[in-house]
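Q: pasting the sequence and the predicted model now:
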Number of protein chains: 2
Amino acid sequence: MEPESGPDSPSSAGKRAGRLYVVGLGPGSRDLMVPAARDALEKASHIIGYETYVRLAGPFRSDQQLHGSDNRVELDRAAHAFALAAQGEDVAIVSSGDPGVFAMASAVLEALDNATDDRWRRVDLVIVPGVTAAQSVAMRAGAPLGHDFCIISLSDNLKPWEVIEKRLSLAAQADFVIGLYNPISKARPWQLGRAFQLLLETRAPQTPVILGRDIDRDGETLTVTSLGEVHPKQVDMRTCVIVGSSATRLIKRADGGVWVYTPRFYSLNPDPHQG
Amino acid sequence: MEPESGPDSPSSAGKRAGRLYVVGLGPGSRDLMVPAARDALEKASHIIGYETYVRLAGPFRSDQQLHGSDNRVELDRAAHAFALAAQGEDVAIVSSGDPGVFAMASAVLEALDNATDDRWRRVDLVIVPGVTAAQSVAMRAGAPLGHDFCIISLSDNLKPWEVIEKRLSLAAQADFVIGLYNPISKARPWQLGRAFQLLLETRAPQTPVILGRDIDRDGETLTVTSLGEVHPKQVDMRTCVIVGSSATRLIKRADGGVWVYTPRFYSLNPDPHQG
């Protein structure tokens, strides 16, 4: 914080660069947003993000500028944030969940990687983590992620579908619990059904499948079904899907529901009580 | 909250069952612990956990009973928690990180699954999530988990080593970013070196490797190296290891360090700028 001479000093570089917070809002409520995220949202003079998330992040003071966008062009948003921060503004760019997991942190670093304006490199970049969708679905379901797992985005907007199929098959062979992000959308209607089919080639129909929708928000729903029973029509883009491994188990709850968990032990013997 | 008759009512079942919070403390500081975790720690009259984590979770009031243990028998701790909660006490059982990710939530549900005391099933079980180690290492490094990834525990205490080798090989073929939990210990000295060897069969020596130790605690260190250069001696049990995919990239920072990120796009063409 001391003034110093050199290429990064205010005197040689013009205005001091600001700070860019990449903030995870968590699943929805303030109860599940880390205090560091709340602090960043208070300190920033500009809040940037997809409109729904900017609304979720509020309320804000009248001296804070909101830049909600309805486009999905994350790189534009990241560039906007760097441009403001390079001028000395403190900026928060918001994501739901954890910005580091299929969210804005990668887009922000892509923008930095491609930067032509050297002032962007002097921006003080701070990533503030959050509870990601797979974790919030898991907390309501029990402990499905209690053993080795993977997270795969089913969106083929940014990667070839053949890569996704290969990953699903290898993940099934590895007997990972599998979290599916971006499971379905109007533009991608058949991919989720195909993914379930692929997993059924390796996993039993009774494998537990968890569908968590709007967890920690109004009207949240949690559905526990199985790989043999689940239908893509039960899933929309606000749903996170978790497919159990061969070891994932159910426990009846006193309220009539079930808990789903994956034991910490894993045995080559199919009876998990041998573990 | 209304009194009601039935098998779960106080009149037929004796004392009302208490609540059991399974609490994630996050990586270390209060800034990264969700408010719901802090609330649970305030409401519980008993705090149970590995001694280091109970200390980390404090300070507590004099009317709260602390049950720190130095043993690693998670099932005993879970059983102790259920026994207290079944008697009507509110209990918090603490884990670092996220209790749902290789931590206490699975042990708690295992204990419930094996319960012989029916009162355990009436305990109000609440899982409170936290920022897990891979996320806190990722936030300091940039965005290494920005694309498909998996998390594998290298501990062969609870699963056969051959399962771990198989998963590592399949994860490498899938080109997942790989987070390694429980990477090494005095009792498991050679497994991490073998894991790096296995990954080198599929991944290039220049693949970025991130070693995050005590992130968000005093004396935290972050090391960015490569699969060809990393040595198991750089890692201890307080380190979380993240191995990049073929697409994971480095960006030079103004302070001399590097950012590590995995782009959101993925191309079959090895040049990620084609994406």
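A: The structure has been received and is ready for your questions.

Q: got the buried residues for stretch A:105-116?
A: Neighbour-count burial for stretch A:105-116, counted by 16 or more other C-beta atoms under 10 Å in any protein chain shown, picks out A:105, A:106, A:107, A:108, A:109, A:110, A:111, A:112, A:113, A:115. C-beta: built from backbone N, CA, C; applies to glycine.

Q: can you tell me which of the residues you listed are in helices?
A: Counting by DSSP state H, the buried residues of stretch A:105-116 place A:105, A:106, A:107, A:108, A:109, A:110, A:111, A:112, A:113 in helices.

Q: so which of those reach chain B?
A: Among those, proximity to chain B is found for A:105, A:106, A:107, A:108, A:109, A:110, A:112, A:113 (C-beta under 8 Å from any C-beta of the partner chain).

Q: for these, give me a markdown table that also has distance to residue B:101 and pLDDT.
A: As requested, those are exported to a markdown table (distance: C-beta to C-beta, whole Å; pLDDT from 0 to 100):
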| residue | distance to residue B:101 | pLDDT |
| --- | --- | --- |
| A:105 | 19 | 98 |
| A:106 | 21 | 97 |
| A:107 | 25 | 96 |
| A:108 | 25 | 97 |
| A:109 | 24 | 98 |
| A:110 | 27 | 96 |
| A:112 | 29 | 97 |
| A:113 | 29 | 97 |
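
Q: quick one: end-to-end length of stretch A:171-184, please.
A: Distance between the boundary residues of stretch A:171-184 (C-alpha to C-alpha, to the nearest Å) amounts to 19 Å.

Q: right, is it up against chain B?
A: Yes: for stretch A:171-184 and chain B, the contact criterion (C-beta under 8 Å from any C-beta) is met by A:171, A:173, A:174, A:175, A:176.

Q: nearest to residue B:215 among those?
A: Among these, residue A:176 lies closest to residue B:215 (C-beta to C-beta), at 24.5 Å.

Q: what about the closest one, neighbour count?
A: The number of residues packed near residue A:176 is 27, by other C-beta atoms under 10 Å in any protein chain shown.

Q: can you pull the contacts of it?
A: Residue A:176 sits next to A:148, A:149, A:150, A:245, B:150, B:167 when contact means C-beta atoms under 8 Å, 6 or more residues apart in numbering or on different chains.

Q: just the element for the last one, please.
A: The reference is to residue B:167. Per DSSP states H and E: residue B:167 is located in helix B:161-173.

Q: helices and strands of chain A: which one has the lowest mean pLDDT?
A: For chain A, counting by mean pLDDT, DSSP states H and E, helix A:10-13 ranks last in confidence among helices and strands (a mean of 44).

Q: after that one comes which helix or strand?
A: Helix A:10-13 is succeeded, C-terminally, by strand A:19-24 (DSSP H and E).

Q: and the strands in chain A, which stretches?
A: Secondary structure of chain A, counting by DSSP state E: strands at A:19-24, A:46-50, A:65-69, A:91-95, A:124-128, A:142-143, A:149-153, A:177-181, A:208-213, A:221-226, A:239-243, A:249-252, A:258-261.
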